[in-house]
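K.L.:
when you get a sec, could you give me coordinates for this:
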Amino acid sequence: MHGTINLTEDETQKAARQRAYSIPLEAFDPGDPELFKTDSFWPYFDRLRQEEPVHYCRDSIFGPYWSVTKYNDIMEIETNHAVFSSAASLGGITIRDVAPDLRRESFIAMDQPRHSAQRKTVAPMFTPTHLDQLAINIRKRSAECLDNLPRDEVFDWVDRVSIELTTQMLAVLFDFPWEDRRKLTRWSDVATTLPGPDGVVATEDARQAELMECARYFAKLWKERIDQPPKSDLLSMMAHSEATRDMDPANFLGNLVLLIVGGNDTTRNTLSGSIYALSQNPDQYSKLRENPDLLDSFVPEVIRWQTPLAHMRRTALADIEFRGKKFRKGDKVVMWYVSGNRDDEVIERPYEFIIDRARPRTHISFGFGIHRCVGLRLAELQLKIIWEEILKRFDKIEVVGPPKRVYSSFVKGYETLPVRIAG
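P.N.:
Prediction:
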């Protein structure tokens, strides 16, 4: 599969491979979150790409769904907006269905023409000029964070660096009260978690209660921004734009959650993934230290390798035949980015982490078409600057134990990652 840190992980992969190739395809449920928590989903998608690239799962904790696993097939679904809908009213963008009375529109969970009108509202945040201004802030905060890290002792990279830096960035983007910035982290985790006894929240009611707290907090800030002249933060942009200033409460919360999760989970988990990838591939770490100019290709390669959101979902608006399979109107169609990014028909040696790939941007981690991630340039900029600052300071960041992964087949991330920096 790919390099491993310890024997236990290697054994997990071996056992997963044996199981994935021994059970019948009709019994496959590649969206089972347990497969992602144990990092044992890879061989299931390997087999699906080889034997049944478009696969129907009849029974899962998320109900029945189709899996689309090959890169070019995913691209085709992504760009066929006439047949495959993102609308929240039909179920939205994740494999997990939301009860109809709890569905909240956001511009990613919305079809044309309203999608583009709302998306354009926040697009100025990500123009080259504005990114140049944000870069100064990112570098300053990255330097402060890294300078305060302990030496010669084990600490959690996820909490001390990945969460802290992405949460600081979110607070800047929203002009959010600095002392409360970790609320953004919490709301992001609450929005994407699967409720359960070991989860971030125990029940769906508990999740909704915290999301309503998020809505109330932002509603107060919103009222302040409406009464002020327009500024260059996301909340002010939405408050003063014709397309978004009259959003209903559900649409307002939907867009807030989208921007919080988009700005938090993706960069945070790719930053953790970058440390983990280099620990598994010491030859690439040496290459990067010797030639920091490789950061320009390292950043998109780690975004591909990590794939921080494992999938996006669409709902079929009509009966359609696709690659010999019959989708029915209303069927749930899951595009597995994590599988498309390991498709060897499109990406050479896809399981290898190669920081000087010839075409590192050939990946589908940000989606494609009208729903392509609006903040992708900011995500790349953050990762590049943080790694520039890391390389200036530390010869090596050593991963000293296996990561604890998130119980989710949507957010592909890390709860903890123990590391040590030599003094």
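K.L.:
in whichever helix or strand Asp265 is part of, what's buried?
P.N.:
If you go by DSSP states H and E, Asp265 is part of helix 249-280. Applying a neighbour-count criterion of 16 or more other Cβ atoms under 10 Å, one finds 250-280 buried in helix 249-280. Using the backbone N, CA and C atoms, a C-beta is placed for each residue, glycine as well.
K.L.:
over to stretch 15-29?
P.N.:
Neighbour-count burial for stretch 15-29 [16+ other Cβ under 10 Å]: 16-17, 20, 28-29.
K.L.:
next up, identify which helix or strand the closest residue to Phe366 other than its chain neighbours is on.
P.N.:
Leaving aside its sequence neighbours, Phe366 sits nearest to Cys373 (Cβ to Cβ, 6 or more residues apart in numbering; 4.0 Å). Per DSSP H and E, Cys373 falls between elements, in no helix or strand.
K.L.:
next one: phi and psi at Cys373?
P.N.:
Phi and psi for Cys373, reported as degrees, to the nearest 10, are phi -50, psi 120.
K.L.:
that one contacts His363, correct?
P.N.:
No: the criterion here is Cβ atoms under 8 Å, and Cys373 misses it with His363 at 11.8 Å.
K.L.:
so which of those two has more stuff around it?
P.N.:
A direct count of neighbours by other Cβ atoms under 10 Å for Cys373 and His363 places His363 higher, at 22 against 17.
K.L.:
alpha carbons of the helix or strand following the helix holding Asp265, in CSV - could you do that?
P.N.:
As assigned by DSSP H and E, the chain's next helix or strand after helix 249-280 is helix 282-290. The C-alpha trace of helix 282-290 is given here as CSV (Å, rounded to 0.1, in the frame of the first residue of the first chain):
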residue,chain,number,x,y,z
PRO,A,282,11.8,10.2,4.8
ASP,A,283,13.4,10.4,1.4
GLN,A,284,10.9,13.1,0.4
TYR,A,285,11.5,14.9,3.7
SER,A,286,15.2,15.0,2.9
LYS,A,287,14.5,16.2,-0.6
LEU,A,288,12.3,19.1,0.7
ARG,A,289,14.9,20.2,3.3
GLU,A,290,17.5,20.3,0.6
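K.L.:
list the helices and strands helix 282-290 packs on?
P.N.:
Helix 282-290 sits against helix 249-280, with contacts defined as 3 or more Cβ pairs under 8 Å, 6 or more residues apart in numbering; DSSP states H and E.
K.L.:
quick one: mean pLDDT over the helix it packs on.
P.N.:
Averaged across helix 249-280, the pLDDT comes to 85.
K.L.:
that one to helix 282-290, inter-axis angle?
P.N.:
Calculated by axes from the mean of the first three to the mean of the last three Cα atoms, to 10 degrees, helix 249-280 forms an angle of 100 degrees with helix 282-290.
K.L.:
and helix 249-280, what does it pack against?
P.N.:
Contact here means 3+ Cβ pairs under 8 Å, 6+ apart; on that basis helix 249-280 packs against helix 164-174, helix 182-192, helix 204-226, helix 282-290, helix 295-306, helix 376-393, strand 397-399, strand 414-416.
K.L.:
phi, psi for Tyr56 please.
P.N.:
Torsion angles at Tyr56 (phi, psi; degrees, to the nearest 10) stand at phi -110, psi 120.
K.L.:
same question, Arg328
P.N.:
Residue torsions, per degrees, to the nearest 10, at Arg328 are phi -100, psi 150.
K.L.:
give the contact list for it.
P.N.:
316, 319 (Cβ atoms under 8 Å, 6 or more residues apart in numbering).
K.L.:
and it, what pLDDT?
P.N.:
98.
K.L.:
all helices of the stretch 1-150 of the chain, in order?
P.N.:
For the stretch 1-150 of the chain, the helices defined by DSSP state H, counting those that start in this stretch cover 7-20, 33-37, 42-51, 71-79, 114-122, 128-147.
K.L.:
looking at those, which is closest to Leu90?
P.N.:
Counting by Cβ to Cβ, Leu90 lies closest to helix 114-122 out of these; the figure is 13.8 Å.
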